[in-house]
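Student: one predicted model, sequence on top.
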Amino acid sequence: MARKKLALSFVLTLSILAPGFASAEGTRTWEQSRFDELIKGTAHGVAFRSGGGLELAPAFRSLATTPSTYIWSIASDAFGNIYAAAGAPARVYRVTSDGTLTTIFEPQELQVQALAVAKNGIVYAATAPDGKVYRLDPAQTAKPPKGSWSASVYFDPGAKYIWDLALDASGNLYVATGDQGEIYKVGSSGQHSLFFKSDEVHIRVLALDPKGNLIAGSDGSGLVYRISPKGEAFVLYSAPKKEITALAIDSAGNIYAAGAGEKRPVTATPSLNINVAPPAQSVTSSAGTISISATPTTAAQPFPSPGAGATGGSEIYRIAPDGAPEHLWSSHEDLVYALGFDQHGHLLAGTGNRGHIFAINGVDDFTDLVKASGSQLTAFAPAPGGGLYVSSSNLGKIFVLGPGPESEGSYESDVFDAHVFSRWGRSIMRSTGHVELYARSGNVDNPDRNWSPWTRVDLAGNSELNVPPARFVQWKSMLHAGSPAPLVDDVLLYYLPKNIAPEIDEIIVQPGVRYQPVPRGTGADVSIPGQPRFDSPPPTTRDHDSIGIRWTAHDDNDDQLLYSIYYRGDGESRWLLLKSDLTERFYSFDSSLLPDGGYTIMLVASDAPSHSPGEALYAKKVSARFEVDNTSPVIENLSAAWDEKAAGGKHIRVRFRASDSFSAIKRAEYSLDGGDWQFVDPMGQLSDSKTEDYDFRIAVPQPEAPVPAMGEAVAGDHVVVVHAYDRFDNLATAKTVIRGR
């Protein structure tokens, strides 16, 4: 290509100096509606729907805080009193509906693991390990008890663990145990018998269906049994998980079961450290451990608890009355400790270790209702008026859920980072009921560090955010109870980032390299808004006659960029256009377009494709100097003659001069009679000049037998070929023939 075809001047002055608040690819939006987006925010009295959106959560308040760290089971009586089985220390608490807390039983064992309340007010409490079932009798039973309680051993199964208790309509008490996976039946008069023996290690949970069948969940193979009143057992379901941690049965006979733990062996078992007053005991189980010690300084000992050591999260299954199972819900983070129903018959799941209550509405349809202060929500029990009592561990507390919604709830979104200084425009909120929207902005990622105050958005007016231009923004919604119920389905904010010029990070010029085209749609370039763009390296080939240029650049506005390449020779003042309108971040060209000499490359990046005319910004960067040499060296005065002075046989003395007009001679080599190429040093040994002289001797090998003559003229002749290379591997070749003697 002729030089005058490339001689385009580099004039960018007007665009580079264009001032003002240029838009970054026009107005942009930030929208939140999905569960995984909203869950990052902070809610108070607001629930998250799995399908997206916000609603008022059920009323949730703390009723009592116990001295114990763990509450494993709760049950309520006809008067609305709640009884809690606790550990660390081991106690049974009675809590009235106004929150008055009384300790009614303090056993010698480490834990009170389970309890049940009979219609006559008698409380049955099971302890562990090596525990018993105690009968707790109030001083008065005709009205809510006010006096002392008496405790007596009601049943001793002789088992290592007692996990759960269930009372049927006739007053029979069922006792689920481990290590042998047995269920005992204790009659109302105290007579007892082995009701069912499984081949599992533990029977963890019990429930009674509307027909009087006992439903049991195991730990080991994750089995759900249906056991008739006669003790005839049938496995309803073998869950994918190893342990059934909770059961619930609705009025239609549907069985809901929660499973946890992987059936395959695991290498690590999470543990929970608790301190209790009784002496430490050493007990083990296949079902995970909780470490218990008598004092903070006593060595921890393993004690199994429901779900402890489970990995892989939890799942909830529904087993229809005809026995058909169905997977309803799963979580990799939450472990289900309790299942229950609200006053509308909706299934609720109490979980750990984040302390959430979920409403399970259908297959993969749920609502994240509540985040409690306790780490594990362990049990549900009916509360007066249609609400539910909820117990927690870490800390051992009793809460009341419902029956109605919160009167008011608030939700603060996570902080949105526009990455550049931005103007904030209008908002759109899709909602029903009485809902308010607020917004605030700031230039640090922590809203507590001098952001603007919350400003109410006039949703009935122009819906302007009316917050200062800034890099960060946050929105807040207030939901007020009423009819219709308040719902927030979607919030969208408009903003206009200030345009920032692109930046060129690096330019690399590689003589002798050619880049191959990258097919479109291969995913070679990945651009994520707000994140640095990743460019996979282009395929390359070695090509002596090519020059490759590649670069990295970024734009804080995530604008689309166009690139232009200019070049300038040593001593020249004008930049000449080599290539424009490049979208890839590499380019290679034929080096013969440039005469021999030294050059620099200037790359210009423009965000013009994302902006209106006159608003585009530019960046430029100059490469390191590189050289182009397309001219081969010249070999002169090549001669070869027999060396008469050489001793030890026949030798040929070869002399020549290699010279190059631009770069130093890098190396030379010779070949005798088509043999291998042999390196040869110049006369001064150091090859660092544009002209080098060579003078060397070649020993001529002697044949073992005479070579058949091909003719008088060539018999005994030798051919010497020499190569010379300059610093850019341009090659010169010459040869000479020396006649045989």
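Tutor: Structure received.

Student: CA only for contacts and neighbour counts going forward, please
Tutor: Fine.

Student: now Tyr237, nearest residue through space, not along the chain?
Tutor: Distance criterion Cα to Cα, 6 or more residues apart in numbering; nearest residue to Tyr237, sequence neighbours excluded, is Val224 at 5.2 Å.

Student: helix/strand/coil for the one you found?
Tutor: Under DSSP: H, G, I helix; E, B strand; the rest coil, Val224 falls in the strand class.

Student: please name the bridge partners of it.
Tutor: According to DSSP bridges, the residues that bridge with Val224 are Gly217, Tyr237.

Student: neighbours of it, how many?
Tutor: Val224 is flanked by 28 other residues according to other Cα atoms under 10 Å.

Student: how close does it sit to Gly323?
Tutor: According to Cα to Cα, to the nearest Å, Val224 and Gly323 sit 11 Å apart.

Student: got any residues that touch both of these two?
Tutor: Leu236, Tyr237 (Cα atoms under 8 Å, 6 or more residues apart in numbering).

Student: for Thr631, give me its contacts.
Tutor: Taking Cα under 8 Å, 6+ apart as the definition, contacts of Thr631 comprise Asp596, Asp660, Ser661, Asn730.

Student: so the closest residue to Pro382 other than its chain neighbours versus His718, what's the distance?
Tutor: Nearest in space to Pro382, with sequence neighbours left out and distances taken as Cα to Cα, 6+ apart, is Leu388 at 4.7 Å. Distance check for Leu388 against His718: by Cα to Cα, it reads 108 Å.

Student: same deal with Ile635?
Tutor: Counting by Cα to Cα, the gap from Ile635 to His718 is 19 Å.

Student: so which of those two has more stuff around it?
Tutor: Neighbour totals were compared for Ile635 and His718, and Ile635 leads with 22 against 17 (other Cα under 10 Å).

Student: and the residue nearest to the more buried one when sequence neighbours are not counted, what are its bridge partners?
Tutor: Excluding the flanking residues, the one nearest Ile635 by Cα to Cα, 6+ apart is Ala658, at 4.5 Å. Counting by DSSP bridges, Ala658 is bridged to Ile635, Glu692.

Student: what about Ala658, neighbour count?
Tutor: If we define neighbours as other Cα under 10 Å, then Ala658 has 27 of them.

Student: distance check, the residue nearest to Pro382 against Ile357.
Tutor: Leu388 is 12 Å from Ile357, by Cα to Cα.

Student: those two: which is more packed in?
Tutor: Comparing Leu388 with Ile357 by other Cα under 10 Å, the one with more neighbours is Ile357, at 26 against 23.

Student: local confidence estimate at the residue nearest to Gly178 when sequence neighbours are not counted?
Tutor: Leaving aside its chain neighbours, Gly178 sits nearest to His202 (4.3 Å; criterion: Cα to Cα, 6+ apart). Each residue has a pLDDT score; the one for His202 is 96.

Student: His202 - how many residues pack around it?
Tutor: With other Cα under 10 Å as criterion, His202 counts 29.

Student: next: Phe589.
Tutor: 18.

Student: again with Asp590
Tutor: 16.

Student: I'd say it and Ile547 touch.
Tutor: Yes - contact criterion Cα atoms under 8 Å: Asp590 and Ile547 qualify, at 6.5 Å.

Student: can you list contacts of stretch 404-423?
Tutor: Contacts of stretch 404-423 (Cα under 8 Å, 6+ apart): 38, 40-46, 56-60, 387, 443, 445, 447, 468-481, 495-498, 500, 530, 556-557.

Student: tell me what the nearest residue to Lys620 once chain neighbours are set aside is bridged to.
Tutor: Of all residues not flanking Lys620 in the chain, Val604 sits nearest, at 4.4 Å (Cα to Cα, 6+ apart). Counting by DSSP bridges, Val604 forms beta bridges with Ser564, Lys620.

Student: look up how far Gly548 lies from Val604.
Tutor: Val604 is 16 Å from Gly548, by Cα to Cα.

Student: show me the domain layout of the chain.
Tutor: 3-23+500-628, 28-46+408-497, 64-405, 634-738 (automatic domain parsing).

Student: burial of the nearest residue to Gly45 once chain neighbours are set aside, as a residue count?
Tutor: Closest residue in space to Gly45, ignoring its immediate chain neighbours: Gly409 at 4.4 Å, by Cα to Cα, 6+ apart. As a burial measure, Gly409 scores 23 neighbours (other Cα under 10 Å).

Student: do the same with Ala128
Tutor: 24.

Student: before we move on, what about Ser410?
Tutor: 21.

Student: any low-confidence regions in this structure?
Tutor: Residues of the chain that meet the criterion pLDDT under 70 lie in 1-25, 140-147, 264-311, 519-535, 646-649, 703-715, 741.

Student: rewinding a little: in helices, which of the contacts of stretch 404-423 fall?
Tutor: Leu38 (DSSP state H).

Student: how about residues contacting the helix or strand hosting Ile698?
Tutor: Assigned by DSSP states H and E, Ile698 falls within strand 691-699. Residues outside strand 691-699 that contact it (Cα under 8 Å, 6+ apart): 649-660, 664-665, 680-683.

Student: then stretch 558-566?
Tutor: Against stretch 558-566 from outside (Cα under 8 Å, 6+ apart): 24-25, 529-530, 575-583, 585, 601-610.

Student: of those, keep whichever come out buried.
Tutor: 24-25, 575-578, 585, 601-608, 610 (16 or more other Cα atoms under 10 Å).

Student: I'd say Lys197 and Lys185 touch.
Tutor: No - at 11.5 Å, Lys197 does not count as touching Lys185 under the criterion of Cα under 8 Å.

Student: the two - which one has more neighbours?
Tutor: Lys185 (22 against 15).

Student: which element is that one on?
Tutor: Using DSSP H and E, Lys185 falls in strand 182-186.
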